[in-house]
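Q: Sequence and computational prediction follow.
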Amino acid sequence: MMSTRVLADFAIHGLASLVLFPNPYSGRGTKVCWDIEEKHDFSLASRNGKICWVGPADKFSDNIKLTSDAEVMNGNGLSGIPGFVDSHTHLVYAGDRSGEFELRVQGKKYLDILASGGGILKTVSCIRSLSEDEIFFESRERVWRMIETGVTTLEIKSGYGLDLENEMKMLRVIKRLGDELPIRVVPTFMGAHAVPVEYKERPDAFVKLICENWIPKVAESKLARFNDVFTENKAFNVDQSRAILEAGRKNGLIPKIHADEVNAIGGIDLAIEVGAISADHLLKTTSDGISKLVGSGVVPTLLPGTSTFLLETHHAPARAMIDAGLPVAIASDFNPGSCQFSSANLIQTLAMLQLKMSAAETLMAATLHAAHALMLGNETGSIEIGKNMDIVLLEASSYKQIGYRAGENLVHAVISKGIPVFSI
Ligand code: NIG
Ligand code: FE
């Protein structure tokens, strides 16, 4: 009989558990389905970084022809899940804000610290004082720590430069992280993260500068894919945010928005109006906001690490969003001020404890839906033939252990585009 075996240069054979999403959300206008299938004694294979076969371990050798230099990992006792997609971070930063952390524990408010020149503005001074190399080396360590928790796709925002030179410096660091590290890094421009001291009395002039001068230059440099804005009291109001997101869109930068984090001032309506790919935070989003998001194509991205770190007692209304049929994503928001939790595992624990999401919802939100929040839903975020072989192997009998074993890192190995990039 003629062989119809699939050629593979990498495989994981005999996994105790493998997670498949049988009816994955595939983007705007399609139905969200939260089903998860957990297969046992399964194998999967890839060629040139793309998944080419998934099936029962006992069918592996009948179906797979390995190249002469192929690597085969033993999946015995391990669980395979899609690599995590962290679709919202401010990982490139410098300095320390532990003093502010203690002040907040004592009751001082995050936005008041910012308004008095601390918070984000403190990190801005640190970034401006350091060289590109210094910032790169600091940031590289942080990316490795995230890889070790299973992250294979990582979004990083600028926004601690707040002048063109330093915003570009941050974007170059982000590019270098993507070039030199073995996972995918997605860059976002966030010049509108806070109003810098130089423009404290003239915020509209700062907005104009971003729109007319910085955005065209950032777009031309090709150092950013998305354009984000902090729409909030004491940051940027709706009109200012609209101007920034529209200017970005005209220059080919896709809008994202920090909305309803501390106050609901109209970020949801704006996200829909400008066609943002995601609206992030959403702690204060009302049932009216949720209804508006349905069918809008905006991916609601919830950041339970931040609401916890900010000592909020009210968290984003994940249950109502899921019930409304929204493709809820979760991400870390890892940054020096409002969330120092970078572990993908811990963020999932918090999604379960604070947002009351199930283990299955949490996993899908941290992989497939987060990939959609970065417009990468066709490339990564689920184990499907044709997608990237971005896989995490856990030392656990089931993906359900991720959120439950909160204090442990269960990661045994991380595979990015068919290449093992970390193993214990
Ligand atoms: O998403 N809210 C604005 N930006 C970040 C915090 C950045 C910082 O405090 O350094 C956030 O929470
Ligand atoms: Fe953020």
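A: Nice, thanks for sending it over. Ligands and ions are numbered 1, 2, ... in the order given.
Q: near ligand 1, which residues of this protein show up?
A: Counting by C-beta under 6 Å from any ligand atom, the chain comes close to ligand 1 at 90, 119-120, 123, 230, 258, 261, 306, 333, 335-338. To be clear about C-beta, it is placed using only N, CA and C from the backbone, and glycine gets the same treatment.
Q: Could you single out the nearest of those residues to ligand 1?
A: Gly337 (2.4 Å; C-beta to the nearest ligand atom).
Q: Relative to Gly107, how far out is the closest one?
A: According to C-beta to C-beta, to the nearest Å, Gly337 stands 16 Å off from Gly107.
Q: Give me the more crowded residue out of the two.
A: Taking other C-beta atoms under 10 Å, Gly337 and Gly107 do not tie; Gly337 has more neighbours (23 against 7).
Q: My guess is that one contacts Gly119. True?
A: Yes. Here Gly337 reaches Gly119: they are 5.4 Å apart, a contact under C-beta atoms under 8 Å.
Q: Common neighbours of the two, please.
A: Arg97, Glu100, Tyr110 (C-beta atoms under 8 Å, 6 or more residues apart in numbering).
Q: Most neighbours among those, which one?
A: Tyr110 (24 neighbours).
Q: quick one, what contacts it?
A: Arg104, Gly119, Val262, Leu310, Gly337, Ser338.
Q: Have a look at those and tell me the least confident one.
A: For the contacts of Tyr110, the model is least confident at Val262; its pLDDT is 93.
Q: give me every residue that touches it.
A: Val262 makes contact with Tyr110, Leu111, Glu232, Asn233, Leu283, Lys284 under the criterion C-beta under 8 Å, 6+ apart.
Q: ranges for the helices of the stretch 51-200 of the chain?
A: Assigned by DSSP state H, counting those that start in this stretch, the helices in the stretch 51-200 of the chain fall at 60-63, 98-105, 110-115, 120-129, 132-147, 164-180.
Q: Kindly reformat the ones you listed as CSV containing distance to Met389.
A: What follows is the helices of the stretch 51-200 of the chain, written out as CSV (distance: least, C-beta to C-beta, whole Å):
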stretch, distance to Met389
helix 60-63, 15
helix 98-105, 39
helix 110-115, 40
helix 120-129, 35
helix 132-147, 15
helix 164-180, 18
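Q: State the helix or strand in which Phe341 lies.
A: Under the criterion DSSP states H and E, no helix or strand holds Phe341.
Q: Isn't Gly297 up against Thr30?
A: No. Gly297 lies out of contact with Thr30 (C-beta under 8 Å); the separation is 10.1 Å.
Q: Neighbour count: those two, which is higher?
A: Gly297 (16 against 12).
Q: For the nearest residue to that one once chain neighbours are set aside, grab the count of nearby residues.
A: Distance criterion C-beta to C-beta, 6 or more residues apart in numbering; nearest residue to Gly297, sequence neighbours excluded, is Arg28 at 3.5 Å. Burial of Arg28 is recorded as 15 neighbouring residues (other C-beta under 10 Å).
Q: what pLDDT does Arg28 get?
A: 90.
Q: That one in helix, strand or coil?
A: Following DSSP: H, G, I helix; E, B strand; the rest coil, the label given to Arg28 is coil.
Q: Lowest mean pLDDT among the helices and strands of this structure, which one is it?
A: helix 110-115 (a mean of 94; mean pLDDT, DSSP states H and E).
Q: Output that one as CSV, nothing but the C-alphas.
A: The C-alpha trace of helix 110-115 is given here as CSV (Å, rounded to 0.1, in the frame of the first residue of the first chain):
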residue,chain,number,x,y,z
TYR,A,110,-3.2,54.9,42.1
LEU,A,111,-4.5,57.9,40.1
ASP,A,112,-3.7,60.3,42.9
ILE,A,113,-0.1,59.1,42.9
LEU,A,114,0.0,59.7,39.2
ALA,A,115,-1.5,63.1,39.5
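Q: that older thread, now do the residue nearest to Gly297 against His372, distance only.
A: 9 Å.
Q: Right, I'll call it a day here.
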